[in-house]
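A.B. asks: model the structure of this input:
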Amino acid sequence: MHAIIRLAGAVNGLAGRIAGALAWLPPTLARVVVGVVFVQSGWGKLSDIGRVIEFFTSLGLPMPAFQAYLASTTELVCGALLLVGFATRFAVVPLIVTMVVAIRTALWDQVDGVASLFTMIEFLYIVLFVWLGVNGAGPLSVDALLGRVAAPAPASAFGRLAA
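C.D. replies: The predicted model follows:
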């Protein structure tokens with residue numbers, strides 16, 4: 001019995017070390033995947049903005065042309081920021097707002113409870129954006145690079161004596 005417990009502990013420790021070595025992967029995959037999705041979506045909308053304006057008009061949105069350009073540009077610019085991991089914690093905010101507005105204006109009639117809301121891709125994007133906003137872009141990002149460049153150098157022993 002003790003051998004099984006030791007083996008389980010060793011396997012768990014190994015799994016923990018592997019997971020630690022791969023900690024860079026989840027934020028990188030999350031950023032890149034949603035970045036690509038929103039860059040493509042924003043670019044597609046801007047490429048056929050007349051159709052988007054027409055759709056927003058059919059929804060009864062005020063200032064449909066302005067909102068079509070705003071939503072499309074937000075998706076393109078913030079998607080690109082996520083793709084490279086620059087200003088990630090700020091870029092997710094307008095994307096969350098865009099998804100909330102999309103759910104409320106275009107998809108609200110499909111929401112008949114929590115389960116239907118939770119299965120909408122727009123809501124899943126919101127969850128992913130919240131995760132990225134809280135956890136950041138990860139180590140393979142412009143944000144991390146800027147953090148390393150801007151970090152103060154550790155004080156040397158001589159520097160501490162001179163102070």
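
A.B. asks: show me the shaky parts of this protein.
C.D. replies: Along the chain, segments meeting pLDDT under 70 span 153-163.

A.B. asks: give me the longest helix you can find in it.
C.D. replies: What stands out as the longest helix in the chain, according to DSSP state H, is helix 25-47.

A.B. asks: pull out the buried residues from that one.
C.D. replies: Applying a neighbour-count criterion of 16 or more other CB atoms under 10 Å, one finds 27-28, 30-32, 34-35, 37-39, 41-42, 45-46 buried in helix 25-47. Where you see a C-beta, it was placed from the backbone N, CA and C, and this is true even at glycine.

A.B. asks: now the spatially most central residue of the chain: closest residue in space that isn't a chain neighbour?
C.D. replies: The chain has residue 129 as the residue nearest its centroid, 3.8 Å off, counting by CA atoms, centre = their mean. Of all residues not flanking residue 129 in the chain, residue 92 sits nearest, at 4.0 Å (CB to CB, 6 or more residues apart in numbering).

A.B. asks: what's the burial count for that neighbour?
C.D. replies: By other CB atoms under 10 Å, 25 other residues sit near residue 92.

A.B. asks: for residue 109, see how far away the residue lying closest to residue 110 once chain neighbours are set aside is.
C.D. replies: Among residues not flanking residue 110 along the chain, residue 116 sits closest, at 6.4 Å (CB to CB, 6+ apart). From residue 116 across to residue 109, the span is 11 Å (CB to CB, to the nearest Å).

A.B. asks: among these two, which residue is more densely surrounded?
C.D. replies: residue 116 (12 against 6).

A.B. asks: still on that earlier bit, from the buried residues of helix 25-47, pick the one nearest residue 69.
C.D. replies: Closest approach to residue 69 among these (CB to CB): residue 46, at 7.8 Å.
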